[in-house]
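Participant: Sequence first, predicted model second:
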Amino acid sequence: MKAEWQELPLCRQLMQGLYPSHVAELSQTRYPLQMYEEGLKKGVSAYDYGGYISIPEIPSGAGVRTSRRPDILPESPYLRVLGPAGGWLSADTLERLADCAEKYGNGLIHLANGGTIELYAAREKLVPLVRELNSFGLDVGSTGDDLRCLTSCCGPARCDLALVDAPALATYLGQRFIDDQQYPGFPQKCKSAVAGCPNDCIRAMMQKDHSFIGVFRDLPVINNEEFKSWLAEGGDPERLVNGCPEKALKWDGHELFLDGDTCVRCMFCINNCPAIRPGRERGVAWVVGGKYGHRGPQGPMVGYVLVPFIPLTGEEGFVYLGDIFAAFLELWSEHGRRKERIGDFVARFGPRRILRALGLKAEPQILLWPKNNAFANKQGRRGGEGNGGN
Amino acid sequence: MAEIELPAGIMPDYRQQLPKFLKDYAGRWIGHAEVRPGVLKHWADDGQTCYTVRILLPPNGLLSAATVRRLAGWIRKYALTGRRTCRQSFELVGVAPDKIEELIAEVKASGLVVGGTGATWHQIKCCTSFVHCQNAAIDAPSIAKVLSDMLLALEEQKFPAPLKISVGGCPNQCGGGTDADIGITGVFRDPPQVDEEKLLAANEDIGLLISWCPTAAIRPKPLPEGMAVEINPARCVRCSSCAQVAPGGVSMGRERGAALSVGGQGGNSRGGPQMGAVIFPFLPAEPPDYALLKERVHSIIAYWLHEARPGEKIGSLAKRLGWGRFLAGVGVEDIESLIDDYYPARTVRRNLHFKF
């Protein structure tokens, strides 16, 4: 159903301009542009609440938006495809996705923000579409109150800063918890990611309810030979030294020194000088509770660091991290209130009780400062630590 | 008894997307640099290199099959594989260095943009809004489009530091906002409306509706036909939780606009993750020009370009100057509306360290 362009003045205007236009993309598909025009014109989306739907073979991963303008489009079902970790997409996969979008759907491929890929197709096409996706190693999930698509940064395959193999860990967790990605059964959604280093390019600490983030425990390593060649190429030592947030670097005109007691391992110097490399003692920090959303008592928030360092050398360490994740998901399933995001759960239930329930030690690094009051610590309603709501 | 085979789910294996070269060199890269706008070079311990060309995609990563095939074609012709970034741009990884010129020319000819690396503006991240979502207060993709047009036309493309802009269409911020140097978030000004008849007919979970309001603004309202609710507009903070819980009976108000925040940072480098500070709580967002919004964003960027020291992001500039001076510099007059009413203790000073 293609509308005439004169009926779409706002869409037409959005086709103009220097930057590539999403409307131009939409116009090359069977997406009904009248729906978008209607939203822009009225200031209210032409789509209405639908929801996530379960159909045989697809318990989660399919949704439908209902329509405020059924005369243009009665409803818009869609599939959420779990994206490969690290965002890696080969030419083969892209072409097969394009084929799928055209063969079953409206020809639109949406690289959605959560790390999934959305395709839009009629209800009766969803099962055959999923079967075809399966044939080249993709599957659907990540809708409703389930574990959302496990995502990660690009990892060591391309990045020199990756401290842990983020896509490998994300893929391990995704495989281990595939049922939770495909069967909604939690109090609320749980977004989860693995970032390779504290730069956290994927913003896991802010966007994700649960994340493991690569960290190093020893100190940045300075190679003074390489530092000299960096200087010779025009590197600015003053800017490097002044940029360090803790003023842990010293430059005496010949050599660069690091005060190890002051350094917080923030990555600033490593990012800005190739002669400084991350330390070798590597692992992950466990962070829970990040969210962008304003829903829930705390609104948007950065996640809480519950464990500062869990050593991780190779894939053998993935199992233990998965065990922590599993235990935490179970705790939250049992004690989380309906629609309570993990960040709000942690604040209400108490970080201390979570650590206790999971048998984890409270490390000094997780404290910004000790508490400023002498109130007794909270206990569960039934008196036991980590049991019962409060 | 025959075994029952349940359909097993598949977590996609990212390794299938990687060429042998990147698998072999995993963990061996020791440095990287931006060699020109949009082009990154990584080098390995043995001197091997890997070039990446970053392509800015149309807003929201909405791609036609034709564009996706074009990306695949460029991978086949010039690179080893591709990846979508978490800012909705696309990277061609493993580009042969002698083909970079040709590739960039081809990308430009197709209407896409090569860029978004280092100290310049990166792809504007946004949610899908009116294209396919019911919650949106404003349309993020068209705002991203209009702002990208503006940024692309700037004469100076070299900035003091990276500039990341995120646009979320509603307070749920699927497109981000709080994480960005400049964040735009769709907001509702008037309180949500309850349609009692529809609410009763929809048989929504009234208990959840009441308990999930973060400010206890929703109270039960017994009617002869059943239990409805009423919303106290003075308590309501327009978070839109109620409209999500009971879409059948509660709808968000019609007066909609954009909140503009600055100084968000996601990474741990320097000061660590910092949530954006809202400096314009409500700006009109009128499609398709978004004139006022565009003007505000432009003046913030202009002020930053003028005042910042090399490497200084918008948030660190505000911190160095002091928020008072920064707010005056970008034309914020209404200070009262920037005080956090929701967590009153959070934004008001509790020491006597002033800058005047």
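Facilitator: Cool, got the structure. Numbers count the residues shown, from 1 in each chain, chains lettered A, B, ... in the order given.
Participant: Give me the contact status of the longest helix anywhere in chain B with chain A.
Facilitator: Determined from DSSP state H, the single longest helix within chain B is helix B:291-307. No: applying Cβ under 8 Å from any Cβ of the partner chain, one finds helix B:291-307 separated from chain A by no less than 11.8 Å. Just so you know, the C-beta spots here come from the backbone N, C-alpha and C atoms, and that holds for glycine as well.
Participant: CA atoms only: put the next helix or strand along the chain from that helix into PDB for me.
Facilitator: Where DSSP states H and E defines the elements, the next helix or strand beyond helix B:291-307 is helix B:314-321. Extracted in PDB, the C-alpha atoms of helix B:314-321 (Å, rounded to 0.1, in the frame of the first residue of the first chain):
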ATOM      1  CA  ILE B 314      30.700  19.000  27.700                       C
ATOM      2  CA  GLY B 315      30.300  17.500  31.200                       C
ATOM      3  CA  SER B 316      33.900  18.200  32.200                       C
ATOM      4  CA  LEU B 317      33.600  21.800  30.900                       C
ATOM      5  CA  ALA B 318      30.500  22.400  33.000                       C
ATOM      6  CA  LYS B 319      32.300  21.000  36.000                       C
ATOM      7  CA  ARG B 320      35.400  23.100  35.500                       C
ATOM      8  CA  LEU B 321      33.500  26.300  34.900                       C
END
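Participant: Mind listing what's buried along helix B:314-321?
Facilitator: For helix B:314-321, the neighbour count (16 or more other Cβ atoms under 10 Å in any protein chain shown) marks B:314-318, B:321 as buried.
Participant: repeat for stretch B:201-217
Facilitator: Quick answer for stretch B:201-217 (16+ other Cβ under 10 Å): B:204, B:206, B:208-210, B:212-214, B:217.
Participant: Without its sequence neighbours, what residue ends up closest to A:Tyr78?
Facilitator: Nearest residue to A:Tyr78, sequence neighbours excluded (Cβ to Cβ, 6 or more residues apart in numbering or on different chains): A:Tyr120, at 4.7 Å.
Participant: Correct me if wrong, but A:Gly39 is in a helix.
Facilitator: Yes: residue state for A:Gly39 (DSSP: H, G, I helix; E, B strand; the rest coil) corresponds to a helix.
Participant: List the residue ranges of the chain that fall below the pLDDT cut-off.
Facilitator: Picking chain A for this. A:1-3, A:380-390 (pLDDT under 70).
Participant: meant chain B, my bad for not saying
Facilitator: Along chain B, the parts satisfying pLDDT under 70 run over B:1-7, B:344-345.
Participant: let's go with 90 and repeat that
Facilitator: Applying pLDDT under 90 to chain B flags residues B:1-8, B:203-204, B:244, B:248, B:270-271, B:341-356.
Participant: Tell me where it has helices.
Facilitator: Going by DSSP H, chain B shows helices at B:20-24, B:65-78, B:100-109, B:140-153, B:196-202, B:206-211, B:241-245, B:291-307, B:314-321, B:323-329, B:344-347.
Participant: Check the gap between B:Asp179 and chain A for me.
Facilitator: 5 Å (Cβ to the nearest Cβ, to the nearest Å).
Participant: That residue against A:Lys208, yeah?
Facilitator: No: counting by Cβ atoms under 8 Å, B:Asp179 stays clear of A:Lys208, with 11.3 Å between them.
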